[in-house]
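# Build me a model from this:
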Amino acid sequence: MTATPADPAILEERPGRNVGAWLLGLQRDYPILQIVALIAIFLYGTSTIDGFGSKLSIYSMLVLASILGLTAVGQTIVILIGGIDFSIPALIVLGATLIVDLTSLKHWSFVPALILVIVLAVAIGATSGYIAHRFQVQPLIVTLAIGAIVTGIVLVWSNGMTTGVAPAWLSSFTSPAGKTLGVGFPPIVALWAVVSVLVGLVLRATVTGRWVYGTGSNPRAAELALVPTRRVWTATFALSAFMAAMTGILIAGFSGSAAASAGDPYLWQSLTAVIVGGTTFGARGDYWRTVIGALILVELNTVLVGHNAGPATQQILSGVLILLVVALYGRQRRVRDRV
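Just a heads-up that it's a prediction; the model follows:
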């Protein structure tokens, strides 16, 4: 007796296969594994490191996650439209240097200094997005070049050294011991929570959000649907530069001063937070996933530091996390292939 091939329809109805497909679909819609990892790392840290679960430790991790998460706002949306922003470190240094130099050494009030930083950052970011879309140049190349130019300008401005200090209120704003409306809760964390809600709602429930996803999923189809893709690219990179510069100001408050290398860690970390959260190039994911990714990274790094692991170990584990996430999401069909 010869065996007959199994009917594909019967194979598709096998319980194990259906359960696996259901779980993958659930993970695609909700960051379940990321939430499990976040809880597991916290429980491991609490059980192996003294004081890991204390109020001060939690607030300190939230402050670090806030700085990373705010940096990653623009990077998330840039990745959603299919781009990448390598100018973030330069914009961070620009924001930190100008706010410290102008308020401390040149005796400007904070508001005019802030306005100058905003205008410069938005103009720089918009230029990157416009050039990348108008001339069809890879955004990696454009933002690398723009970042190099900005870094050079900052070095000329500061003569390679910034000796001023950040305003005292800004240091309190970014401190784990700071107070929000008289309550003992870090103001920067409260700010991050508000920004997270607003960005998440804009992406999910507005025309602007639909333009972002449409541009990232299929640019040609988006243009045929009258989505202003060039404006989307220009505005998205302007937002990324704006958030990087604002984060630079917060980093200056957190550290008390500005440094030429202040933005260096945040290019890699912001990309890792976005990817670990489950947002991938071309309209898959959202900012709320990035929030979880930032929390995972900060928790993991805190655990590693608590166990005396060096930067090399942190880099290796970050790379492993990215590979795991890519293995999980990379097998799915791209949105543009399903449209």
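# can you list the weak-confidence ranges in the stretch 1-150 of the chain?
Low-confidence segments of the stretch 1-150 of the chain (pLDDT under 70): 1-17, 20.
# Recalculate using a threshold of 50.
Residue ranges of the stretch 1-150 of the chain with pLDDT under 50: 1-4, 6-13.
# residue boundaries of the helices in it?
Secondary structure of the stretch 1-150 of the chain by DSSP state H, counting those that start in this stretch: the helices cover 8-12, 15-29, 32-48, 55-80, 88-100, 110-134, 139-158.
# Who's the closest spatial neighbour of the residue most central in space within the chain, skipping the chain neighbours?
Central residue check for the chain by C-alpha atoms, centre = their mean: the C-alpha nearest the mean position is that of residue 72, 1.7 Å away. Closest residue to residue 72 apart from its sequence neighbours, by C-beta to C-beta, 6 or more residues apart in numbering: residue 270 at 4.2 Å. Yep, even glycine has a C-beta here, placed from its N, CA and C like the rest.
# how about the one you found, what does it touch?
68, 71-72, 75, 88 (C-beta atoms under 8 Å, 6 or more residues apart in numbering).
# ok, and for stretch 194-214, which residues are buried?
Of all the residues in stretch 194-214, those buried under the rule 16 or more other C-beta atoms under 10 Å are 195-196, 199-200, 203, 209, 211-214.
# just to revisit the earlier point, turn the contacts of residue 270 into TSV, columns for distance to residue 250.
Below are the contacts of residue 270 laid out as TSV (distance: C-beta to C-beta, whole Å):
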residue	distance to residue 250
68	11
71	9
72	13
75	16
88	14
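# Out of those, who's the most crowded?
Within the contacts of residue 270, residue 72 tops the neighbour count with 32 neighbours, counted by other C-beta atoms under 10 Å.
# what's it in contact with, if anything?
270, 273-274, 290, 293-294.
# Apply 6 Å and report the result again.
Counting by C-beta atoms under 6 Å, 6 or more residues apart in numbering, residue 72 touches 270, 273-274, 290.
# what two of those are the furthest from one another?
Greatest spatial distance among the contacts of residue 72 (C-beta to C-beta): 270 and 290, at 8.6 Å.
# quick revisit: gap between the residue nearest to residue 72 and residue 51?
Here residue 270 is placed at a distance of 28 Å from residue 51 (C-beta to C-beta, to the nearest Å).
# what does residue 184 give?
Residue 184 is 18 Å from residue 51, by C-beta to C-beta.
# So residue 78 is in contact with residue 87, correct?
No: between residue 78 and residue 87 there is no contact under C-beta atoms under 6 Å: 10.3 Å.
# do you know which of the helices of the stretch 1-150 of the chain lies nearest residue 254?
Between residue 254 and the helices of the stretch 1-150 of the chain, the tightest spacing by C-beta to C-beta is seen for helix 55-80, at 6.7 Å.
# Buried residues of that closest one, list them for me.
57, 59-80.
# Report the distance from that helix to the chain centre.
Relative to its parent chain, helix 55-80 has a centroid offset of 7 Å by C-alpha atoms, centre = their mean, to the nearest Å.
# quick one, that helix and helix 32-48 angle?
Going by axes from the mean of the first three to the mean of the last three C-alpha atoms, to 10 degrees, helix 55-80 is angled at 160 degrees with respect to helix 32-48.
# Quick check on residue 183: phi, psi?
Residue 183 adopts backbone torsions of phi -100, psi 140, taken as degrees, to the nearest 10.
# can you check the one 3 residues further on too?
According to degrees, to the nearest 10, the main-chain angles of residue 186 amount to phi -60, psi 120.
# any idea how far it lies from residue 112?
27 Å.
# quick one: which of these two has more around it?
Taking neighbours as other C-beta under 10 Å, residue 186 and residue 112 compare with residue 186 leading, 22 against 11.
# Kindly tell me how buried residue 116 is, as a neighbour count.
Look at residue 116: counted by other C-beta under 10 Å, it has 14 neighbours.
# repeat for residue 152
Residues within reach of residue 152, counting by other C-beta under 10 Å, total 11.
# Same question for the one 5 residues further on.
Taking other C-beta under 10 Å as the neighbour definition, residue 157 ends up with a count of 13.
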